[in-house]
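Peer 1: Build the 3D model from these lines:
(chains A, B, C and D)
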Protein chains: 2
Amino acid sequence: MDSPATLAVLDRAEILCRARGVRLTAQRRRVLAILCDSPRPLGAYEILDTMREGSRPLAPPTVYRALDFLLEQGLVHKLVSLHAFVGCNHPEHPHSSQFLICNACGEVTEIEDEAIDRSLGSAASVSGFRPQRRVVEVIGTCAGCSQKGR
Amino acid sequence: MDSPATLAVLDRAEILCRARGVRLTAQRRRVLAILCDSPRPLGAYEILDTMREGSRPLAPPTVYRALDFLLEQGLVHKLVSLHAFVGCNHPEHPHSSQFLICNACGEVTEIEDEAIDRSLGSAASVSGFRPQRRVVEVIGTCAGCSQKGR
DNA sequence: CGCGAGACGTTATATTGTATCCAACCGTTC
DNA sequence: GAACGGTTGGATACAATATAACGTCTCGCG
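Peer 2: Okay, here's the model as predicted:
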């Protein structure tokens, strides 16, 4: 386990946390590694099952605490429409992401589209609304799956 | 209960369902009425509690089934980030809505912004992605609450 | 009326997420 | 190095959200 790509993410995460004065502990690192290794989003209990393999039993709060930390640090994202989590591609800068979720293959693509951000922002400001967090999840079929399905 | 506005929604829902050849049964009507009467989104179990008042006991599936129907017909929307439901303002035409959710007062505003729709659509089509359902929820503070908070 | 599909009641259970309390660890200070 | 204080983690229990499964009833239709 822990592909080269995952190791790279872990290294960057380590550096980020150090710079921010927070601790990327073993548990948190493990959760992040599991998420990065997975080709698709994982539920908290799937992460839990993975962590339990060959190790002693763990309880849900352990995973949720690690996830809370990683979410705060922007190292992972939560997909509310799936009740699942994914590692973040580019945690270096804070960002509000958008997700394309394929309901055929389960793949999730994180995009960061200026135009969406801008239109959301201006739609909100019309009503005097001050956005804090944005949830943008588009469910559909990815390019690959919509070709197959035809 | 059942304000004039709610009654109007119920009437329109009745007409819509009749036109579509589906049945707006008593349970479904009741759930829709409860949602329309509420100034803020309600969880399934809050709806359940309301329905139980002064009546015989009901079980969760009853509410979830009614909600599934109403969602299919576009008469209510689900706010995934709140695990809650709201009545729809304009069920006449199918639409993908966006929501502004105030985390101070709990109020939710449904907006229907062309620009957001367009930018989402074009961002998806760049990757060859075919959207089916869109989840757009902006959490923040509404105009009223951000004034008070200052 | 009698039939069939859809709707509903009921029980049980799955899934996701938290509260709480205490023990272990870690870095700091003396 | 020992005492201390804050963060982290373990463990138990539980809350909140949602669904499976199955039998019964009802409604609209022929």
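
Peer 1: hey, C-alpha coordinates of the lengthiest helix in chain A in PDB?
Peer 2: Once chain A is assigned using DSSP state H, the helix that runs over the most residues is helix A:4-20. Written as PDB, here are the backbone C-alpha positions of helix A:4-20 (Å, rounded to 0.1, in the frame of the first residue of the first chain):
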ATOM      1  CA  PRO A   4       4.200   6.900  -4.700                       C
ATOM      2  CA  ALA A   5       1.400   9.500  -5.300                       C
ATOM      3  CA  THR A   6       0.100   8.800  -1.900                       C
ATOM      4  CA  LEU A   7       3.500   9.200  -0.400                       C
ATOM      5  CA  ALA A   8       3.900  12.500  -2.100                       C
ATOM      6  CA  VAL A   9       0.600  13.800  -0.700                       C
ATOM      7  CA  LEU A  10       1.600  12.600   2.800                       C
ATOM      8  CA  ASP A  11       4.900  14.500   2.500                       C
ATOM      9  CA  ARG A  12       3.200  17.600   1.400                       C
ATOM     10  CA  ALA A  13       0.700  17.200   4.200                       C
ATOM     11  CA  GLU A  14       3.500  16.800   6.700                       C
ATOM     12  CA  ILE A  15       5.100  20.000   5.600                       C
ATOM     13  CA  LEU A  16       1.800  21.900   5.600                       C
ATOM     14  CA  CYS A  17       1.000  20.800   9.100                       C
ATOM     15  CA  ARG A  18       4.400  21.600  10.400                       C
ATOM     16  CA  ALA A  19       4.200  25.100   8.900                       C
ATOM     17  CA  ARG A  20       0.800  25.600  10.500                       C
END
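
Peer 1: ok, and does stretch A:81-94 reach over to DNA strand C?
Peer 2: Yes: contact of stretch A:81-94 with DNA strand C is found when judged by CB under 7 Å from any atom of the strand, involving residue A:83. No exception for glycine: its C-beta is placed from N, CA and C like everyone else's.

Peer 1: and chain A, which residues reach DNA strand C?
Peer 2: Selection of chain A residues close to DNA strand C by CB under 7 Å from any atom of the strand yields A:43, A:44, A:45, A:59, A:60, A:61, A:64, A:83.
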